[in-house]
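*Asks:* pasting a predicted model and its sequence here:
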Amino acid sequence: MILVALGSRNPNKVRGTELAFRLAGFRVSVVPIEPPGDLSPEPIGFDETIHGAIRRAKYAINAVRNAEFGVGIEAGIIKVEGFDEGIDITIAVVMDKDGRVTLGISPGFMVPRKFMKEVLRGVELNEVVSKYYGEPNIGRKYGLIGALTRRFIDRVVLNTEAVYMALIPRMPWNTELFETERRGQAEWR
């Protein structure tokens with residue numbers, strides 16, 4: 001059994017991490033921890049989102065004794081020039097004890113203009129969406145994607161896909177290919 005530290009207590013992220021590792025053939029025990037308190041409540045842009053995921057993974061693996069992996073999952077909004085809507089994506093980072101990072105991204109979807117206006121004024125997307133749909137803390141349930149798709153797709157699905165994508169280089173049949181490619185790559189400690 002592999003011990004995996006997760007930089008979140010969000011049940012969607014816990015379940016998504018468990019599913020992704022299981023689908024990739026790993027037997028794991030996921031230990032959710034409260035993430036660092038200085039993360040952006042609503043990451044805007046690819047860089048801010050990916051660095052939030054890295055920070056969560058690094059914090060988690062350093063906080064949980066004997067963890068073999070730290071996982072950080074961060075949802076963020078990518079602004080695209082010429083569009084009033086943003087693209088919501090989920091980025092996952094899997095970090096091992098040596099500081100090696102592998103990345104994955106979920107499918108993205110458009111955030112409605114009316115929500116983006118408030119997000120760009122500094123209101124967290126979860127708050128905007130919860131208010132609009134009249135359901136408190138919707139982000140810890142099925143999220144905006146669940147509301148928009150009438151729960152055909154929910155946050156667990158996006159988190160699972162992002163973590164699974166981050167596990168691809170760690171799958172036994174891929175390790176040699178990615179090990180030879182990573183020489184000279186930065187390590188995140």
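*Replies:* That came in fine, so what should we check first? It should be emphasised that the depicted structure is a prediction, and the values quoted were computed from it without experimental measurement.

*Asks:* looking at this protein, which helix is longest?
*Replies:* As assigned by DSSP state H, the longest helix anywhere in the chain is helix 46-63.

*Asks:* can you check what angle separates the helix or strand that that helix is followed by from helix 46-63?
*Replies:* The first helix or strand that comes after helix 46-63 along the chain, using DSSP states H and E, is strand 69-79. Interaxial angle of strand 69-79 relative to helix 46-63 (axes from the mean of the first three to the mean of the last three Cα atoms, to 10 degrees): 160 degrees.

*Asks:* with just CA atoms, put strand 69-79 into CSV.
*Replies:* Output of strand 69-79 as CSV, limited to C-alpha atoms (Å, rounded to 0.1, in the frame of the first residue of the first chain):
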residue,chain,number,x,y,z
PHE,A,69,3.7,11.0,-3.2
GLY,A,70,2.3,14.4,-2.6
VAL,A,71,-0.7,15.4,-4.8
GLY,A,72,-1.8,18.9,-5.4
ILE,A,73,-5.0,19.7,-7.3
GLU,A,74,-5.9,23.2,-8.3
ALA,A,75,-8.8,24.5,-10.3
GLY,A,76,-8.3,27.8,-12.0
ILE,A,77,-9.6,30.0,-14.8
ILE,A,78,-7.7,30.8,-17.9
LYS,A,79,-8.6,34.1,-19.6
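
*Asks:* tell me how far it lies from the chain's centre.
*Replies:* 3 Å (Cα atoms, centre = their mean, to the nearest Å).

*Asks:* which strands or helices does the helix or strand that comes right after that strand pack on?
*Replies:* Using DSSP H and E, the helix or strand that follows strand 69-79 towards the C-terminus is strand 86-96. The contact analysis (3 or more Cβ pairs under 8 Å, 6 or more residues apart in numbering; DSSP states H and E) places strand 86-96 against helix 46-63, strand 69-79, strand 101-105, strand 109-111, helix 155-167. Yep, even glycine has a C-beta here, placed from its N, CA and C like the rest.

*Asks:* hmm, try it at 10 Å
*Replies:* Judged by 3 or more Cβ pairs under 10 Å, 6 or more residues apart in numbering; DSSP states H and E, strand 86-96 is in contact with helix 11-23, helix 46-63, strand 69-79, strand 101-105, strand 109-111, helix 113-120, helix 143-148, helix 155-167.

*Asks:* turn these into a markdown table, columns for distance to residue 135.
*Replies:* Shown next, in a markdown table, are these (distance: least, Cβ to Cβ, whole Å):
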| stretch | distance to residue 135 |
| --- | --- |
| helix 11-23 | 14 |
| helix 46-63 | 24 |
| strand 69-79 | 17 |
| strand 101-105 | 27 |
| strand 109-111 | 17 |
| helix 113-120 | 14 |
| helix 143-148 | 8 |
| helix 155-167 | 13 |
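
*Asks:* that's all I had, so thanks and see you.
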